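Pasting the sequence and the predicted coordinates here, then a few questions.
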Amino acid sequence: MSMNNQGRPTNIVAGGTDAIVTYTGHRGLMQEEGLSFDRGRSGKWGVDLPEPKNKADRLGGVRRKGEIGLPELSEPEVVRHFVRLSQKNYSIDTGLFPLGSCTMKHNPRLNEKVARFPGFGDIHPLQPQETVQGAWALIDRLAHWLKTLTGMPAVALSPKAGAHGELCGLMAIKAAIEARGEIRRRILVPESAHGTNPATAALIGYTVDTVPATTRGRVDLAALKAKLGPDVAAVMVTNPNTCGLFEDEVLGIADAIHGAGGYFYCDGANYNAIVGRVRPGDLGVDAMHINLHKTFSTPHGGGGPGAGPVVFSEALAPYVPVPFVVAGADGFTNIEQEEDAPAGARPFGRMTAFHGQMGMFTRAMAYMMSHGSDGLRQVAEDAVLNANYILANLKDVMSAPFGDTGPCMHEALFDDEFLKGTGVTTLDFAKALIDEGYHPMTVYFPLVVHGAMLVEPTETESKETLDRFIHAMRSLAAEAKAGNTQGTNRFGGAPYLSPRSRLDETAAARKPVLKWTPPAPKQAAE
Amino acid sequence: MTTYFTDQHEWIKVEGGIATVGITAHAAEQLGDVVFVELPAIGKALTKSGEAAVVESVKAASDVYAPVSGEVTEANDTIVGEPAKVNEDPEGAGWFFKLKLTNESELSGLMDKAAYDAFVASGG
């Protein structure tokens, strides 16, 4: 070893680091963080407040009998606690988030700036309408563009998320059927639809009838037609579907359901794959929700609330729920009450208090305006291109069940066929990906394939980012198939390098620990 | 006593007009560790292929369908408290509920053991 005269080594010393278990529980600069309850000690304060002067009992003799059990900590301890926890979080600002069907795309900083403009950020829904005309104008403009992009004549902006949008769409369908004096009790939901679709239908009392998928991963049109009848209210089709495939018989589906007197609900969660390219109105869709938090890049998944506006066809337009903004000679008016709706409108009711997620409206509008119509078209094209780049670069080492039916849309679906006989499961594979520094893709969904892995790269990832991800996936696939040649079982107990290793999901579900129990009982206060 | 099987992976054992219903060993293996079971109320009238019970594993939640029509006479509360029993002995102690058959002729449409095994082997 070469030493300088301070005794400080200047070269890197080779050494084994595999089995180091630290004395502190920290792993280098990755701090182990316990519960604030465990760290607290009675008598510690964050602020020094004077003794309250008037301690008269104002609770009519009602007194607390025990301690309330809040942790007592100093301010730096509280700050470190939450900063350390936040550093364990994986977010879209940390790295690629390949969760299929979730569209974890970059949230442009411009959107954030616009949402914080005082005229949008510092207003209140109960302000006089004439003082928030700018906000109404933005809502009106957003409604205009959602209708234009989808080719649909009406929109309800208030639903707060995708499934809430589905509920809104089905409630409009129910209202339209009741207005015809009919009762229809069944809703057809293909296997290739999102899981929320049958849940939504069941929530408002419909019987869910499942339509099987074809070997091409699409709706079986013949099976769908066979299930149609006078009691079918609607069909709910996710397009592109949850296998990442375009439902190429969508026009036939629309004709069939309309022929049977029902309505065509389209789950538009994957609209990001076709925005600017396809207008759902041209496909015969009667109602479709749009996830602003997916297609139009507003934050979600813990980063922000969702927003799920629903566009409607001519047939359902009268039933759009309140509130909605109407433009007049004196500016914009927000129609709050059903009786104030313009002639011809028969709102089925209201989905939310106030008008929806204003902060998401501003972000989505900023996204649309900064992209322009040509840019939005490119969003869809690049999302599809990126997914196909993933598919093309992985399908020789993994197994893509529908890889031979043509290109995919915005997400690439793999199954566990390539892992057969290796002893490695989809779950092991996903957990090993955590050790490689990635949030795993969606696993075990959709259910139509065995051991599914669904990868959605989104258009916001560069080729270089995708290449690094592909390298990780190919390396893991090769090792799984080679059967442990490196003498390390990187799959069985993965992840090894994360703050916590593999969790016992079964024990967590069977015997969940939902409450912190103090180590020793404390004495009751007076 | 004869055991029949459905294409939805339920088994049904009939003895003197009373049928015991559960999920097959293949279904239990595919589900993985079962963590939650919801059983029908005693006295509930079930129709063939209608939803009868719910079984949930760490991987998925699935409906269990009534293989034939009948009235629920008994539910296996043991598996509600200890869902692991479904994995340990799916075609025995892990049974779900018992039915008093209302239409025995419905049994003829079900599979026997050999037919079910072939169905599973063919990827069903």
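On my side now, so go ahead. Source: prediction; values computed, not measured. Numbering: from 1, shown residues only, chains lettered A, B, ... in the order given.

Output stretch A:110-128 in PDB, but only the C-alpha positions, please.
Backbone C-alpha positions of stretch A:110-128 (Å, rounded to 0.1, in the frame of the first residue of the first chain) are rendered in PDB as follows:
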ATOM      1  CA  LEU A 110     -43.600  24.200 -17.100                       C
ATOM      2  CA  ASN A 111     -46.900  22.700 -16.000                       C
ATOM      3  CA  GLU A 112     -46.000  23.100 -12.400                       C
ATOM      4  CA  LYS A 113     -45.100  26.800 -12.900                       C
ATOM      5  CA  VAL A 114     -48.400  27.500 -14.700                       C
ATOM      6  CA  ALA A 115     -50.400  25.800 -12.000                       C
ATOM      7  CA  ARG A 116     -48.800  28.100  -9.400                       C
ATOM      8  CA  PHE A 117     -49.700  31.300 -11.200                       C
ATOM      9  CA  PRO A 118     -51.600  33.200  -8.500                       C
ATOM     10  CA  GLY A 119     -54.700  33.600 -10.800                       C
ATOM     11  CA  PHE A 120     -55.000  29.800 -10.800                       C
ATOM     12  CA  GLY A 121     -53.300  28.700  -7.700                       C
ATOM     13  CA  ASP A 122     -54.600  31.200  -5.100                       C
ATOM     14  CA  ILE A 123     -58.300  31.200  -5.900                       C
ATOM     15  CA  HIS A 124     -61.200  29.500  -4.200                       C
ATOM     16  CA  PRO A 125     -64.300  27.800  -5.600                       C
ATOM     17  CA  LEU A 126     -66.600  29.900  -3.500                       C
ATOM     18  CA  GLN A 127     -65.200  33.200  -4.800                       C
ATOM     19  CA  PRO A 128     -67.700  35.400  -6.800                       C
END
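
May I have the phi/psi pair for the most centrally placed residue in chain B?
Taking CA atoms, centre = their mean, the centroid of chain B lies closest to B:Gly22, which sits 2.6 Å from it. Main-chain torsions, B:Gly22, degrees, to the nearest 10: phi -150, psi -170.

pLDDT score assigned to residue 26?
You didn't say which chain, so I picked chain A. A:His26 is assigned a pLDDT of 89 by the prediction.

my bad, chain B
pLDDT, B:His26: 95.

Quick one: low-confidence residue ranges for the stretch 401-526 of chain A.
The model of the stretch 401-526 of chain A has pLDDT under 70 over residues A:484-488, A:520-526.

no no, chain B
Short version for chain B, where the test is pLDDT under 70: B:124.

Quick check: residues of it near chain A?
Within reach of chain A by CB under 8 Å from any CB of the partner chain, chain B has these residues: B:32-33, B:35-36, B:58-60, B:83-84. Heads up, the C-betas are built off the backbone N, CA and C, glycines and all.

Quick check: A:Phe246 touching A:Pro240?
Yes. Judged on CB atoms under 8 Å, A:Phe246 makes contact with A:Pro240 at a distance of 5.0 Å.

And B:Thr24, how far from B:Val64?
Here the criterion is CB to CB, to the nearest Å. By it, B:Thr24 lies 11 Å from B:Val64.

rewinding a little: how about the contacts made by the residue nearest to the centre of chain B?
Going by CB atoms under 8 Å, 6 or more residues apart in numbering or on different chains, B:Gly22 touches B:10-11, B:86, B:90-91, B:94-96.
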